[in-house]
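> no sequence for this one, just the structure:
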């Protein structure tokens with residue numbers, strides 16, 4: 001009897017989902033949006049809009065994977081922190097955490113940074129930076145958060161790097177269009 005109820009619920013759920021086959025719901029309007037039935041055409045349209053692993057606009061330049069390399073803020077952050085060893089980097093989670101760093105071997109102070117990506121936009125509100133300072137004296141260590149001025153300077157550095165990368169990307173894109 002329990003098996004019959006389970007199977008009935010499974011098929012009822014399966015059949016309820018069949019009414020949406022071939023259509024998605026627009027999250028803004030709530031209306032059904034029909035999908036292109038031809039998978040090849042749908043994949044081509046998706047790639048032309050900049051989606052997917054491969055960018056079809058650059059077929060002649062070889063296979064290029066575009067994951068984190070397409071996000072200007074991500075690249076700018078890694079470029080800005082290239083002198084600090086990284087402890088954890090998670091693009092899908094939107095977090096970069098550095099290891100403890102000191103620019104002087106004999107220093108008793110070191111810093112650690114955590115950068116959280118709140119959006120893909122190139123704006124100050126896209127990043128949240130948390131920084132820590134560890135001070136050790138006679139094997140006693142104390143960790144404190146750094147002030148907001150330090151975080152603002154780092155954020156400004158990352159944003160400036162992002163602007164430069166964006167200009168470089170646009171220049172490369174324009175050169176490719178001229179060659180085509």
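Received the coordinates, thanks. The structure displayed is predicted, hence computed values, not measured ones.
> any idea where the helices of the chain begin and end?
2-18, 39-48, 72-80, 148-179 (DSSP state H).
> rank these by mean pLDDT and give me the bottom one.
Lowest mean pLDDT of those: helix 2-18, a mean of 58.
> what's the domain layout of the chain?
With domains defined by automatic domain parsing, the chain comprises 2-61, 71-179.
> Now do the lengthiest strand in the chain against helix 72-80: the angle between them, please.
Longest strand in the chain by number of residues, with DSSP state E as the criterion: strand 127-137. Here the directions of strand 127-137 and helix 72-80 differ by 20 degrees (axes from the mean of the first three to the mean of the last three C-alpha atoms, to 10 degrees).
> helices or strands next to strand 127-137 in the packing?
strand 109-117, strand 140-145, helix 148-179 (3 or more C-beta pairs under 8 Å, 6 or more residues apart in numbering; DSSP states H and E). All C-beta atoms are positioned from the backbone trio N, CA, C, and that covers glycine.
> For it, give me every contacting residue.
73, 77, 100, 108-118, 141-146, 150-151, 154-155, 158 (C-beta atoms under 8 Å, 6 or more residues apart in numbering).
> Same check on stretch 151-167?
72-73, 75-77, 79-80, 113, 115, 122-124, 127, 129-131.
> Now the buried members of these.
Among those, those classed as buried by neighbour count (16 or more other C-beta atoms under 10 Å) are 72, 73, 75, 76, 77, 80, 113, 115, 122, 127, 129, 131.
> As TSV, those with distance to residue 32 would be great.
Shown next, in TSV, are the buried ones among the contacts of stretch 151-167 (distance: C-beta to C-beta, whole Å):
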residue	distance to residue 32
72	35
73	35
75	38
76	40
77	40
80	45
113	46
115	40
122	34
127	37
129	42
131	48
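> For the closest residue to residue 145 other than its chain neighbours, give its distance to residue 165.
Among residues not flanking residue 145 along the chain, residue 132 sits closest, at 5.9 Å (C-beta to C-beta, 6 or more residues apart in numbering). To residue 165, residue 132 is 27 Å away according to C-beta to C-beta, to the nearest Å.
> Ok, residue 146 next?
Going from residue 146 to residue 165 by C-beta to C-beta gives 26 Å.
> now residue 105
Relative to residue 165, residue 105 is positioned 32 Å away (criterion: C-beta to C-beta).
> more crowded one of those two?
residue 165 (18 against 5; other C-beta atoms under 10 Å).
> What is the neighbour count of residue 32?
Residue 32, neighbours per other C-beta under 10 Å, totals 13.
> now it, which residues is it bridged with?
With DSSP bridges as the criterion, residue 32 is bridged to residue 25.
> Not counting sequence-adjacent ones, nearest residue to residue 169?
Leaving aside its chain neighbours, residue 169 sits nearest to residue 72 (7.0 Å; criterion: C-beta to C-beta, 6+ apart).
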